[in-house]
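Asker: I'll drop the sequence and a predicted model, then ask my questions.
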Amino acid sequence: MEKLLNQITAEVTDAFTAAGYDGKYGRVTLSSRPDLCEFQCNGAMAAAKFYKKAPFLISDAIAGILQGNRMFASVESVKPGFLNLRLSKDFLSDYLNEMQVHEKLGVEETGQDQTIIVDYGGANVAKPLHIGHLRSAIIGESIRRMGLYLGYHMIGDVHLGDWGLQMGLIIEELHDRKPDLVYFDESFSGTYPAEAPFTITELEEIYPAASKKSKEDDAFKNRAHQATLKLQNGYAPYRAIWNHIMHVSVADLKKNYASLDVHFDLWKGESDADPYIPGLIQSLLDQGIAYESQGALVVDIAEETDSKELPPCIVRKSDGAALYATSDLGTILEREKDFSPTAYIYLADKRQQLHFTQVFRVAKKAGFVKPETDMRYVGFGTMNGKDGTPFKTREGGVMRLEQLIADINGTVYARIMENRSISEEEAGDTAKIVGLAALKYGDLCNQASRDYVFDIDRFISFEGNTGPYILYTIVRIKSILKKYAEQAGIQPDTAAEEAEVFSEKTAKPAEAAEQARILPAGAADRTKILPAETPEQKDLMLELAKWNSVIETAFAETAPHKVCAYIYDLSNAFNRFYHGTKILAEEDTAVQTGYIRLLELTKSVLETGIDVLGFSAPERM
């Protein structure tokens, strides 16, 4: 379905052409002065310079051609040469009716036959998820969902840290604590146990203890290095321990990511890239791209257009060890072999800008990816406390993610119970839904690259630009639709079917008989959103018409905050309409059912918006 702004631009472009001017001057934008008009075209100002004519003469001519066009309620030429446009109510209602029966609310699947890898996990095994993992997970999940909605083949990869020194540290700490385990008996030749010699709780205590010991005991640190090397060289006992670590840790990570409603298609790690590293090093050498510098192997990545000097990318240390860049390049080779994606999107702390610039340039320079492959890095800022520093626990430590979620859910639960009209069980379930919305929206409404202040009281507020406010708006619409169904004598199941037919499915003439069977008597005559009767109603309709443009732009710019801004504006527009309109008390049946169709569309757009952001709405609040 063609975007509204494109349709308006096409009409104005044709008018420029008809008047003898280049159609390129007909671009239309949203009005910067909504008190004066809804859309505007400033092309006459630019055209005046080329055609050496007064701009108001050009805008007057264009306005004259557009007078009487069904699309517009008014077209006004304003000196020195602006075109102010207002849409006709009939055209706008027709657009929304088409949007309502469109399978995806007017959004075209632009991503057909395109595969995009989204790398947005980054957790280390054997360590609990903490708040430092939050932004990558929820921003990445939203980007993945937006892409899916637009028809792209999106592949989300957690990309675990599972192959570095932490593995050797854990192995040696386990050796010190439980030296009698068969993994440390060099004479053992049997089958290693299927059950891990530690729980997730023990494992999460082992690593920090080992890390602390390595900073104080050089001998222990050297043992850990040797254990890591033996593991990476395939030493069977250590591979068996590593498998236990992976099994126990990944199960816990999946549980914690699920609590955020974050999901990955691949649970790959740095270890999966290891087999590709020898070949990629040899390829860099054979191509003459890599050279030795102070004992290390490096690749120059500087380009003439760089505004500042960029250092070479180190792909092998002087001791022969691989680095993160090497692992990421190996992962790219694996992904190219398995999926041949058209694009890559990486989520990481914005301080990793140089690292990803180096990796992307080496990948392109070495021909590991096609020249046209889009490789994008989305760097995000930090979540800070009210003091402006990175968020910490009261004791000054890094807060575990599950504790953060529990704190938010508990605060929301207490707020719900203050004015309890539901059972404790339902309050608990609702608190989880609202808490997740508060957490995710509180993060996603900020531009990813910016730091933001985590303020739990503001995040859970039911007023202002918050997740709970968006949910409350959706629940309000659900309540109105339910009361309407009861008032009209429509059974709940039938009402749900009716909403599905008209809000989510494409209604075609061939399906008329089936619709008539599903709908109550007379419903076939009330399937349309009617032209707006009030400014508040038209404002709501104009906001709804922006949806396909907003979601496409937000995905193209990897900017979930634009979806947040849109559903906030849409919620505000709906609430203004709601407060100024007697929906259920309306006596004119045709008008009332037109309102209901408009509410159904608003609900569908809002629910789709929060779904691509990664949360949902309860039935009541």
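Answerer: Alright, I've got the coordinates. As the structure is a prediction and not an experimental result, all values here were calculated from the model.

Asker: hang on, isn't residue 238 packed against residue 229?
Answerer: No: using Cβ atoms under 8 Å, residue 238 is not in contact with residue 229, being 9.8 Å away. The C-beta positions use only the backbone N, C-alpha and C, and glycine is treated the same way.

Asker: for the two, indicate the residue with more neighbours.
Answerer: When neighbours are counted by other Cβ atoms under 10 Å, residue 238 and residue 229 differ, and residue 238 comes out ahead with 21 against 14.

Asker: which SSE is the more buried one in?
Answerer: Using DSSP states H and E, residue 238 maps to helix 236-259.

Asker: buried residues in that helix?
Answerer: For helix 236-259, burial by neighbour count (16 or more other Cβ atoms under 10 Å) applies to 237-242, 244-246, 248-250, 252-253, 256-257, 259.

Asker: now do that helix: distance to the chain's middle.
Answerer: Relative to its chain's centre, helix 236-259 lies at 27 Å (Cα atoms, centre = their mean, to the nearest Å).

Asker: what do you get for stretch 475-483?
Answerer: Averaging C-alpha positions (Cα atoms, centre = their mean) puts stretch 475-483 28 Å from its chain's average.

Asker: for that stretch, output the C-alpha coordinates as PDB.
Answerer: Extracted in PDB, the C-alpha atoms of stretch 475-483 (Å, rounded to 0.1, in the frame of the first residue of the first chain):
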ATOM      1  CA  VAL A 475      -6.500  -1.400  27.600                       C
ATOM      2  CA  ARG A 476      -8.900   1.600  27.400                       C
ATOM      3  CA  ILE A 477      -9.600   0.800  23.800                       C
ATOM      4  CA  LYS A 478     -10.200  -2.900  24.600                       C
ATOM      5  CA  SER A 479     -12.600  -1.900  27.400                       C
ATOM      6  CA  ILE A 480     -14.600   0.300  25.000                       C
ATOM      7  CA  LEU A 481     -14.800  -2.400  22.300                       C
ATOM      8  CA  LYS A 482     -15.900  -4.900  25.000                       C
ATOM      9  CA  LYS A 483     -18.700  -2.600  26.200                       C
END
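
Asker: which other residues reach it?
Answerer: 492, 495, 499, 574-575, 578, 583-584, 596, 599-600, 602-603, 606, 617-621 (Cβ atoms under 8 Å, 6 or more residues apart in numbering).

Asker: quick revisit: after the helix holding residue 238, next one along is what?
Answerer: Going down the chain from helix 236-259, the next helix or strand is helix 270-273, by DSSP H and E.

Asker: buried ones in that following helix?
Answerer: Neighbour-count burial for helix 270-273 flags 270, 271, 272, 273 (criterion: 16+ other Cβ under 10 Å).

Asker: wait, isn't the last one in contact with residue 335?
Answerer: No: at 9.5 Å, residue 273 and residue 335 do not qualify as touching, with contact defined as Cβ under 8 Å.

Asker: what about the helix holding residue 238, average pLDDT?
Answerer: Computed over helix 236-259, the mean pLDDT rounds to 96.

Asker: show me where the stretch 451-600 of the chain has its strands.
Answerer: 452-453 (DSSP state E, counting those that start in this stretch).

Asker: ok so, going back, take the helix holding residue 238, keep the C-alpha atoms, and write them as CSV.
Answerer: What follows is helix 236-259 as a C-alpha-only set of coordinates in CSV (Å, rounded to 0.1, in the frame of the first residue of the first chain):
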residue,chain,number,x,y,z
ALA,A,236,39.5,-34.1,25.7
PRO,A,237,39.1,-33.7,29.5
TYR,A,238,39.0,-29.9,29.3
ARG,A,239,36.6,-30.2,26.3
ALA,A,240,34.3,-32.3,28.5
ILE,A,241,34.4,-29.6,31.3
TRP,A,242,33.8,-26.9,28.7
ASN,A,243,30.7,-28.9,27.5
HIS,A,244,29.4,-28.9,31.0
ILE,A,245,30.0,-25.2,31.4
MET,A,246,28.1,-24.6,28.1
HIS,A,247,25.2,-26.8,29.0
VAL,A,248,24.6,-25.4,32.5
SER,A,249,25.3,-21.8,31.5
VAL,A,250,23.3,-21.6,28.3
ALA,A,251,20.2,-23.1,29.9
ASP,A,252,20.4,-20.3,32.5
LEU,A,253,21.0,-17.6,29.9
LYS,A,254,18.0,-18.8,27.9
LYS,A,255,15.8,-18.6,30.9
ASN,A,256,16.9,-15.0,31.7
TYR,A,257,16.7,-13.8,28.1
ALA,A,258,13.2,-15.4,27.9
SER,A,259,12.2,-13.2,30.9
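
Asker: what comes into contact with that helix?
Answerer: Outside helix 236-259, the residues within contact range by Cβ under 8 Å, 6+ apart are 121, 123, 125-129, 137, 158, 160, 162, 167, 170-171, 174, 182-184, 188, 192, 196-200, 203, 227, 230-231, 263-264, 267, 269, 401-402, 405.
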